[in-house]
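**Student:** fold the following, please.
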Amino acid sequence: MPNFSEIAIRFFVGGSIIVGVWLLAKFVNPKIAGIIAVLPTTFLVAYIFSVANESVSITNKFLVGSGIGLIAWLVFLPTLYFLNLKIGFWSALAIGYFIFVVVAFSANFLHFKIDF
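**Tutor:** You can find the predicted model right below:
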């Protein structure tokens, strides 16, 4: 079980990235903020904090899960982009997240079917 300082550091670093992207979007350039939001740095922070001291097996499972999430993200993002103008932000977000979950669970199910 991580101690409080480990949790606080992870919370601070993750929160700082989110707030930094939000400030950039609000005051500088939303497109640049979007690019930064999907930079591998965000993944890198999660990767380091989640599996840095774990076994290779756990690390590989994290990477497979990240790949499954990436597949779902690649479906989610265009869905959100195209529906946003047609049905509005919140409806597009709800449908996009629903599709994300369906694709992620489907990809996860298929991964287990072909995993040896």
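**Student:** so what does the lowest-mean-pLDDT helix or strand in the chain touch, helix or strand wise?
**Tutor:** In the chain, no helix or strand scores lower on mean pLDDT, DSSP states H and E than helix 40-51, which sits at a mean of 77. Identification of packing neighbours for helix 40-51 by 3 or more Cβ pairs under 8 Å, 6 or more residues apart in numbering; DSSP states H and E yields helix 4-27, helix 56-87. No exception for glycine: its C-beta is placed from N, CA and C like everyone else's.
**Student:** Val64 is in contact with Leu110, isn't it?
**Tutor:** No. Contact criterion Cβ atoms under 8 Å: Val64 and Leu110 do not qualify, at 11.8 Å.
**Student:** which residues sit against the least confident helix or strand of the chain?
**Tutor:** Helix 40-51 has contacts (Cβ atoms under 8 Å, 6 or more residues apart in numbering) with 10, 13-14, 17, 58-59, 62, 66.
**Student:** list the buried residues in stretch 39-56.
**Tutor:** 46, 49, 51 (16 or more other Cβ atoms under 10 Å).
**Student:** hang on, I meant stretch 85-100
**Tutor:** 92, 96, 99-100.
**Student:** grab the nearest non-local neighbour of Thr59.
**Tutor:** Of all residues not flanking Thr59 in the chain, Val51 sits nearest, at 4.5 Å (Cβ to Cβ, 6 or more residues apart in numbering).
**Student:** quick check: the gap between the one you found and Phe100.
**Tutor:** Applying Cβ to Cβ, to the nearest Å, the value for Val51 to Phe100 is 22 Å.
**Student:** go on, Ile58?
**Tutor:** To Phe100, Ile58 is 24 Å away according to Cβ to Cβ.
**Student:** for Tyr47, same thing?
**Tutor:** 20 Å.
**Student:** one more: Val13?
**Tutor:** Counting by Cβ to Cβ, the gap from Val13 to Phe100 is 24 Å.
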